[in-house]
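Asks: Below are the sequence and a predicted model for it; my questions follow.
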Amino acid sequence: MNENNELACENLNEAELSQIEITPKEYEKILDIQSAILHKLALNHNYDDILQHLCLLTEHLLPNSVASIMLVDKKTGLMSVLSAPSIPISGWKALENLKPGPGGGSCGNAVFRNQPQYVLNTFKDDRWVDLRKVAFDFNLCSCWSMPIVDENNKAIGSFALSSFEHRLPAPFHKKLLATAAFIVNIVLKNREIERKIQYMLYYDTLTGLKNKTYLDEILNKSKERTLLLLDINNFSYINNTYGFEVGDKLLKNIANALKKDLQYETVCKLEADQFAIILDITQDTKTNVEKIKKYFYDHELLINSIALNISFTYGAAGGDENIFKHAIISLKHAKVRGKSSLYIFNNEEENVCFVKRKQFIEANNILHNAFSSDSIVPFFQGIRDNRSGKIIKFEALARIKQNDKVLSPYLFLEPARSSGLLPEITKIMIDKTFKIMANNDYTFSINLTEDDLTRHYILEYLNEKSAQYKIKPTRIILEILEGISASGKKNHIKQLDALKEQGYTLAIDDFGVEYSNFERILDLDIDFLKIDAKYIKDIDTNKKSYEITRAIVFFAKNANIPCVAEFVHNQNVQKVVEELGIEYSQGYYFSEPSPLPISS
């Protein structure tokens, strides 16, 4: 080895390397690899071919290097090469039956320590003491290795880049290794995880929205619809000024606003700064654009203590052919007109559906009358313990009593959300539910909304009512929607932590319908997962519903989180629920909502 080169290696400044930010182009290269591999998986290519392709794509991003994947044999605990298309067979044999340990090279250490290993000089580093001959024989000057972990975060193998020159990884290379290790983990999983791959193929991994692939498939179906494209104004300036972390969080907030607050059913994430919304052909495009404009004009987005005012430029097209092409053309015309402009390709104006407007107005009137007449009341639905076969707790459900009718929340919750009245309903539900449950010792649950947490009143109000009705917090389960946990707003998380400290328990309601953020569930120390009715109602006949539910239950059992199956409406559904080992069942099969808790 050249002594001057060796000295230069040792003078490399790891701290300086860590300050080099990942560029948008580098992010794009990593995403291209992920997309290419997932595409091959979706087409059911041979696993060996897929892993070899991953190695070659990764090598291409680090010239003068070779990539390798090693796995631990479950029986012997020793490591062997699984894939390394650029390494000769003699190299495979040299690494065969490698024992993970302090001297087992970068890969042996990655598995042994379950941490990334970045070795600058394999000829001197103690971590390569058992593989020094391999380093010299194959001229492996440096080696960076990332552990591959299973669902229990146990190291089961490694993904490595070995270089024929001495060097340390920049943040881009570390991100590349982490992504490659993650992809390998996906490839190695069974059919259950293959469904997750399908999800990643059709969803944007950052925002959780559907992606361009999904949009293309929808638009290829012969049906008249309107496509509205939104291009964020000055997004590149935001990224360059505040950094990609702020930019990523901004995209998540916008996605959440379009789906949750503005209630658009089909929203897709396209390029870095573009979103797409599919509208029914009967919906007026200009009206929807004005609604979006007003929302983002009224709602300043606060990210990392930075207040951002967001606006879009809009392009739209309608019909049943070439919709995306026409919408892109419209967006280009809109940009020429100026920022925040709208250009509609076919120029057809549609009226807002009179029936929907009438229904909304009627529901809004019903809601306000209910407040004035104090007719918002709790109804109680039993939750069955599938181990004892008994109903042991209840969920308090909001209803409006109107003359001889009992109105479902599906009628009035949307007007309440639009009017900012959800917290008032929550207060009424807490007060009336506590008053009824003070006469028994059942555990019961109350639903909380994001609006309740935003108002910062819920902890004080719950404590006040618990004291007034002499109800211990340990009897109370607070159900929050999955979207609240996934949004990860700091003030929300802080409030949830405070509620836990007071003795209240937390449940994620309708789990599986939105973000399915398993990491967030663990971070929040959730006590129960309520599996959304969307999957339970046809679990006995729909294979997709069954497999998704099975995956959720598998995760929950490994995390020691009991599950509640919602919408159990017949014996066949309950049979599958019990076969999956779901601890609790809720639905009309066991309990219809009633003004008082009924356990039989």
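Replies: Great, that's in hand.
Asks: ok, what's across the strand from residue 67?
Replies: Legend: beta-bridge partners of residue 67 under DSSP bridges are residue 161.
Asks: how far away is it from residue 204?
Replies: Relative to residue 204, residue 67 is positioned 27 Å away (Cβ to Cβ, to the nearest Å). To be clear about C-beta, it is placed using only N, CA and C from the backbone, and glycine gets the same treatment.
Asks: who touches stretch 535-543?
Replies: Stretch 535-543 has contacts (Cβ atoms under 8 Å, 6 or more residues apart in numbering) with 512, 545-546, 548-549, 552, 565-569, 572-573, 575-577, 587.
Asks: now stretch 296-312, how far from the centre of its chain.
Replies: 22 Å (Cα atoms, centre = their mean, to the nearest Å).
Asks: May I see the buried residues of it?
Replies: Buried residues in stretch 296-312, defined by neighbour count with 16 or more other Cβ atoms under 10 Å: 296, 303, 308, 310, 312.
Asks: Same question for stretch 112-128.
Replies: Within stretch 112-128, the residues scored as buried using 16+ other Cβ under 10 Å are 112, 116-123, 125, 127-128.
Asks: Among those residues, find me the one that's closest to residue 34.
Replies: residue 116 (18.7 Å; Cβ to Cβ).
Asks: In contact with the residue lying closest to the closest one once chain neighbours are set aside, which residues?
Replies: Once flanking residues are discounted, residue 116 sits nearest to residue 146: 5.1 Å by Cβ to Cβ, 6 or more residues apart in numbering. Shown in contact with residue 146 (Cβ under 8 Å, 6+ apart): 110, 116, 158-160, 177-178, 180-181.
Asks: do the same with residue 102
Replies: With Cβ under 8 Å, 6+ apart, residue 102 has these contacts: 109, 112, 126-127, 129.
Asks: pLDDT on stretch 58-69, on average?
Replies: For stretch 58-69, mean pLDDT is 94.
Asks: Between the two ends of it, how far is it?
Replies: From its first residue to its last, stretch 58-69 covers 12 Å (Cα to Cα, to the nearest Å).
Asks: chain center to it: distance?
Replies: The chain centre lies 30 Å from the centre of stretch 58-69; the measure is Cα atoms, centre = their mean.
Asks: Please enumerate the helices of the stretch 351-500 of the chain.
Replies: 354-373, 409-419, 422-437, 450-455, 458-469, 482-487, 490-501 (DSSP state H, counting those that start in this stretch).
Asks: So which elements touch the longest one?
Replies: Judged by 3 or more Cβ pairs under 8 Å, 6 or more residues apart in numbering; DSSP states H and E, the packing partners of helix 354-373 are strand 390-402, helix 409-419.
Asks: Which of these has the lowest mean pLDDT?
Replies: helix 409-419 (a mean of 86).
Asks: Convert the C-alpha atoms of that helix to PDB, please.
Replies: Taking Å, rounded to 0.1, in the frame of the first residue of the first chain, the C-alpha atoms of helix 409-419 are listed here in PDB:
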ATOM      1  CA  PRO A 409     -73.300  10.500  14.300                       C
ATOM      2  CA  TYR A 410     -72.700   9.900  10.600                       C
ATOM      3  CA  LEU A 411     -75.400  12.500  10.000                       C
ATOM      4  CA  PHE A 412     -74.000  15.300  12.200                       C
ATOM      5  CA  LEU A 413     -70.300  14.800  12.800                       C
ATOM      6  CA  GLU A 414     -69.100  16.300   9.600                       C
ATOM      7  CA  PRO A 415     -71.100  19.600  10.100                       C
ATOM      8  CA  ALA A 416     -69.700  19.600  13.700                       C
ATOM      9  CA  ARG A 417     -66.200  19.300  12.400                       C
ATOM     10  CA  SER A 418     -66.700  22.000   9.800                       C
ATOM     11  CA  SER A 419     -68.200  24.300  12.400                       C
END
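Asks: buried residues in that helix?
Replies: Per 16+ other Cβ under 10 Å, helix 409-419 contains these buried residues: 409, 411-417.
Asks: among these, which two are most distant?
Replies: Top of the distance list for these (Cβ to Cβ): 411 and 417, 12.6 Å.
Asks: Make JSON lines out of the helices and strands packed on helix 354-373 and add distance to residue 43.
Replies: Formatted as JSON lines, the helices and strands packed on helix 354-373 follow (distance: least, Cβ to Cβ, whole Å):
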{"stretch": "strand 390-402", "distance to residue 43": "44"}
{"stretch": "helix 409-419", "distance to residue 43": "41"}
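Asks: which residues touch residue 70?
Replies: 79-82, 95, 98, 107, 157-158, 160.
Asks: Quickly note the distance from it to residue 110.
Replies: 9 Å.
Asks: before we move on, which element is residue 29 in?
Replies: helix 24-42 (DSSP states H and E).
Asks: which helices and strands sit right next to that helix?
Replies: helix 47-60, helix 171-188, helix 191-202.
Asks: how about 10 Å then?
Replies: For helix 24-42, the helices and strands in contact under the criterion 3 or more Cβ pairs under 10 Å, 6 or more residues apart in numbering; DSSP states H and E are helix 47-60, helix 171-188, helix 191-202, helix 212-219, helix 235-242, helix 244-256.
Asks: Just say which of those helices is most tucked in.
Replies: Comparing the helices and strands packed on helix 24-42 on average neighbours per residue, with mean count of other Cβ atoms under 10 Å, the densest one is helix 171-188 at a mean of 20.
Asks: Can you tell me the SS state at residue 20?
Replies: Residue 20 falls in the coil class when you classify it by DSSP: H, G, I helix; E, B strand; the rest coil.
Asks: Quick check: closest non-adjacent residue to it.
Replies: Of all residues not flanking residue 20 in the chain, residue 170 sits nearest, at 4.9 Å (Cβ to Cβ, 6+ apart).
Asks: Out of the contacts of residue 102, flag the one nearest to residue 230.
Replies: The closest of the contacts of residue 102, once distances to residue 230 are taken by Cβ to Cβ, is residue 109, at 47.1 Å.
Asks: doesn't residue 147 make contact with the closest one?
Replies: Yes - counting by Cβ atoms under 10 Å, residue 147 is a contact partner of residue 109 at 9.3 Å.
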